[in-house]
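Enquirer: Sequence first, predicted coordinates after that:
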Amino acid sequence: MFFISLLLIFILLLAAGILGAMYKKKVEEWVKERLSDLLPLSEQSLNVQQDLQRLEEELKCCGLVNGPSDWTVVPSSCECKDTSQACAPVGGQQVYSTPCSVHIISMMENNMVVVLGIAFAFAILLIFGMVFSMILYCQIGRKEGPTTS
C-alpha cells in the first residue's frame, strides 16, 4: 500500500512537471491578462498605486503591461534614474520604457529553476522510497515463507 501511495505521488508530480513545461507560454499570457485587469493604473485605489510605484522603483520599470501608457499621469517612480535601463521621453521627462510585466515574468522563470530542482530532488526521494518499500515487502514475504493449513 505504501509503494502504491508513493507511485501515485510520483505520477502526479511527473504529470505536473510535464504540464508546466507544455503550458509555459500560457502562464505568461495568463499573468499579462491578470495584470491588464488593473489598467488604467491611475484609477486604482491609493494603496494599490503606492504598491505599484514601489514595484516600479525596485524593478526600474514603468507601467504593468504597456509601459508608461498604463498611467494617465506618469508618476515620479517611473523617472529614469538608471541610464543602463531602456528609457524614453514622455511628457518632457525621461521614464523607463520597459513594462513591469517583463520583469515579473522573468523573476517567475528564474524561480522556476529552483522549483524544478526541488521537484526533481523530491522525485528521486520518492523513487528511493518505492525501491526500499518493495525490498522490505519482498523481505517480509520471504521471512513468513509459505503457509500450509
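Expert: Received, thanks. Just so you know, these numbers come straight off a predicted model, no measurement behind them. Residues are numbered from 1 along each chain as shown.

Enquirer: middle-most residue in this structure, spatially?
Expert: Geometric centre of the chain, nearest residue: M108, 3.8 Å, by CA atoms, centre = their mean.

Enquirer: Next up, the contacts around that residue.
Expert: Taking CB atoms under 8 Å, 6 or more residues apart in numbering as the definition of contact, the neighbours of M108 are V27, V31. To be clear about C-beta, it is placed using only N, CA and C from the backbone, and glycine gets the same treatment.

Enquirer: Tell me the pLDDT of it.
Expert: Per-residue confidence for M108 comes out at a pLDDT of 83.

Enquirer: What helix or strand is it located in?
Expert: With elements taken from DSSP states H and E, the one containing M108 is helix 100-144.

Enquirer: S5 - how many residues pack around it?
Expert: Around S5 there are 13 other residues, counting by other CB atoms under 10 Å.

Enquirer: and A88, how far is that from V131?
Expert: When distances are taken as CB to CB, to the nearest Å, A88 and V131 turn out to be 58 Å apart.

Enquirer: again with Q53
Expert: Spatial separation of Q53 from V131 under the definition CB to CB is 54 Å.

Enquirer: So for those two, which sits in the more crowded spot?
Expert: More crowded of Q53 and V131, by other CB under 10 Å: Q53, with 17 against 12.

Enquirer: how close does that one get to P75?
Expert: In this view, Q53 and P75 are 5 Å apart by CB to CB.

Enquirer: cool, G17 as well?
Expert: 40 Å.

Enquirer: So for those two, which sits in the more crowded spot?
Expert: Set side by side, G17 and P75 give different neighbour counts by other CB under 10 Å, the larger being at P75 (18 against 15).

Enquirer: Tell me which residues touch the more buried one, please.
Expert: Counting by CB under 8 Å, 6+ apart, P75 makes contact with Q49, Q53, E56.

Enquirer: quick one: which of these sit in helices?
Expert: Judged by DSSP state H, the contacts of P75 include Q49, Q53, E56 as members of helices.

Enquirer: For V73, which non-adjacent residue is spatially closest?
Expert: Spatial nearest neighbour of V73, chain neighbours left out: S42 (6.1 Å); criterion: CB to CB, 6 or more residues apart in numbering.

Enquirer: typo on my end, K81
Expert: In space, not counting the residues next to it along the chain, K81 is nearest to K60; the distance is 7.8 Å by CB to CB, 6+ apart.

Enquirer: With that, I have no additional questions.
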